[in-house]
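**Q** Sequence and computational prediction follow.
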Amino acid sequence: QVQLVESGGGLVQPGGSLKLSCAASGSIFGIYAVGWYRQAPGKQRELVATISAGGSRTTYGDAVKGRFTVSKDNAKNTATLQMSSLKPEDTAVYYCNTLDMVTSDPFGSWGRGTQVTVSS
């Protein structure tokens, strides 16, 4: 089964930037769309952004629109989430996953995620 590994998280001050990466163990990013999710303590996991299989279409949650940018490199089987103008409410564990072609639901195994903490 394909494994997904997130990286790039850390502690950043409000207004700062971080770039998260998602690496897949197999050549699947050219086939499936990818979604970035986050889960804050005590809250449900929420969808942050998606990018289509070919990389030409993206969607963003209202909370991050205009501040986050999702991209992918299918040749390298990687996806990235560039985050800027970070706010304390962006603090969460961030995950990536592949999305079902029909339902757009995540279907891969969840990785460990990468912790993003926005604090002064």
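**A** Looks like it arrived, so ask away.

**Q** Who are the contact partners of the residue nearest the centre of the chain?
**A** Central residue of the chain (C-alpha atoms, centre = their mean): residue 36, 2.6 Å from the mean position. With contacts defined as C-beta atoms under 8 Å, 6 or more residues apart in numbering, the neighbours of residue 36 are 20, 22, 47-50, 68, 70, 79, 81, 94-96. Just so you know, the C-beta spots here come from the backbone N, C-alpha and C atoms, and that holds for glycine as well.

**Q** bridging residues for it?
**A** For residue 36, the beta-bridge partners are residue 49, residue 96 (DSSP bridges).

**Q** and it, what pLDDT?
**A** Model confidence at residue 36, expressed as pLDDT, equals 98.

**Q** ok, so what distance separates it from residue 120?
**A** 25 Å (C-beta to C-beta, to the nearest Å).

**Q** repeat for residue 113
**A** Relative to residue 120, and taking C-beta to C-beta, residue 113 is found at 23 Å.

**Q** more crowded one of these two?
**A** It is residue 113, of residue 113 and residue 120, that has more neighbours when counted by other C-beta atoms under 10 Å, with 21 against 8.

**Q** Correct me if wrong: the more buried one contacts residue 93.
**A** Yes - counting by C-beta atoms under 8 Å, residue 113 does reach residue 93; the two are 4.0 Å apart.

**Q** Can you check which residues contact both of the two?
**A** Contacts common to residue 113 and residue 93, judged by C-beta under 8 Å, 6+ apart, are 9, 39.
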